[in-house]
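Asker: Structure, please.
(chains A and B)
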Amino acid sequence: MTTYQLTVNGERKEVAVDPGTPLLWVLREELKLTGTKYGCGIGACGACTVHLGGIATRSCLVPVSLIGDRAIVTIEGIAGDAAGRAVQEAWVDKDVVQCGYCQSGQIMSAVALLKAVPRPTDADIEQSMGGNLCRCATYVRIREAIKSAAGQP
Amino acid sequence: MFVLVAVVPAGFIESRAAADNGGLAAWGKVYSVVTSPRCINCHTATTYPQQGDDRHRHFANVVRGPEGKGVPALQCATCHQSSNADSTGVPGAHGWHLAPLSMRWQDKTDKPLSSAAVCRSLKSQKVDLIKHHGEEPLVLWAFTPGLRPDGTARTLPPLTHDELVEATRAWVAAGKPCPKGGQR
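Answerer: Numbering: from 1, shown residues only, chains lettered A, B, ... in the order given. This is a model prediction of the structure:
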């Protein structure tokens, strides 16, 4: 066990875990932030996406030992800025969610996209969101919500 | 009437040929490394990187992006950190990215380019190749590629890092000779 100091959603947290523990399990098991979901465990589905140092990151693949001092933002903290709030409101407005399991990862990726590309094209959305799978196939509503959050028709 | 006679020292032609041969032999060693999966998987001509010893297309719809670092919500750094993550089997090194298309070593059907074609490409690069092969973090990574997700070690290139640098140095010193032919 090693002790790590993490900054999660703006708060300092201390955890004592094995260095190889994926961030996902630190968030869910140690910090009880269960909004971030376990999907595939190999970075193929995107359900576990969080922001690490501002980059959309698959938390199931990142050992806690490699986080360093980079700030972590999870779905619980995503409404802390304008882009996050806009996406959150668009998701509600467009009624995107069906079962909801993948949606925290979808939202984290959508916010990362909009912060980099405020007015994304369909191609931008397809490429950036291409690593986030939805078994309910809510892709059309996801695209509508991203465009809505971007202020596009 | 004067007759100009070019006086060529005995053995000059032989020694020149030997130098070229040494350079070509050194190039052959360099080529064996740069076309090994640890290197060529990120020197593609397509919109995606490859992975694995069978050089299959990278999973999860990963794309090259405008700067070879992926796209905003699906960057290389979305999974690849600044060092190997052996507990999860994800390779990593500082600045993980795809080589630019000017340094593609495959064709668009994912077949490696010929030795002559890769040689000409490298010869035309402005980069200090000895320094690049000696110090670039992603080159160094190829020789310490970490563990696969199943916990087994990734396959190494056919030479050690020291051998690659020495072969590169010998090739450069010989004037970067390239094999003939090989349009692709």
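
Asker: can you map out the helices along chain A?
Answerer: Per DSSP state H, chain A carries helices over the ranges A:23-25, A:82-93, A:103-116, A:122-128, A:139-149.

Asker: Give me whichever of these is most buried.
Answerer: Per residue and on average, the most neighbours among the helices of chain A fall to helix A:103-116, with a mean of 26 (mean count of other Cβ atoms under 10 Å in any protein chain shown). All C-beta atoms are positioned from the backbone trio N, CA, C, and that covers glycine.

Asker: what packs against that helix?
Answerer: strand A:49-52, strand A:55-58, helix A:82-93, helix A:122-128, helix A:139-149 (3 or more Cβ pairs under 8 Å, 6 or more residues apart in numbering or on different chains; DSSP states H and E).

Asker: Write out the residues of chain A neighbouring chain B.
Answerer: Counting by Cβ under 8 Å from any Cβ of the partner chain, the residues of chain A close to chain B are A:19-22, A:42-44, A:46, A:49, A:55-58, A:60-63, A:66, A:109-110, A:112-113, A:115-117, A:124, A:127-132.

Asker: Go through the helices and strands packed on helix A:103-116 and name the closest to B:Pro100.
Answerer: Smallest distance to B:Pro100 across the helices and strands packed on helix A:103-116 (Cβ to Cβ): 18.6 Å, for helix A:122-128.

Asker: A:Val117 is in contact with A:Asp124, isn't it?
Answerer: Yes: if you go by Cβ atoms under 8 Å, A:Val117 and A:Asp124 touch, sitting 5.3 Å apart.

Asker: which neighbours do the two share?
Answerer: Residues touching both A:Val117 and A:Asp124 (Cβ atoms under 8 Å, 6 or more residues apart in numbering or on different chains) are B:Pro72.

Asker: Now do the same contact list for the residue nearest in space to the middle of chain B.
Answerer: In chain B, the residue lying closest to the centroid (Cα atoms, centre = their mean) is B:Val34, at 2.9 Å. Residues near B:Val34 by Cβ under 8 Å, 6+ apart: B:40, B:43, B:105, B:118, B:122.
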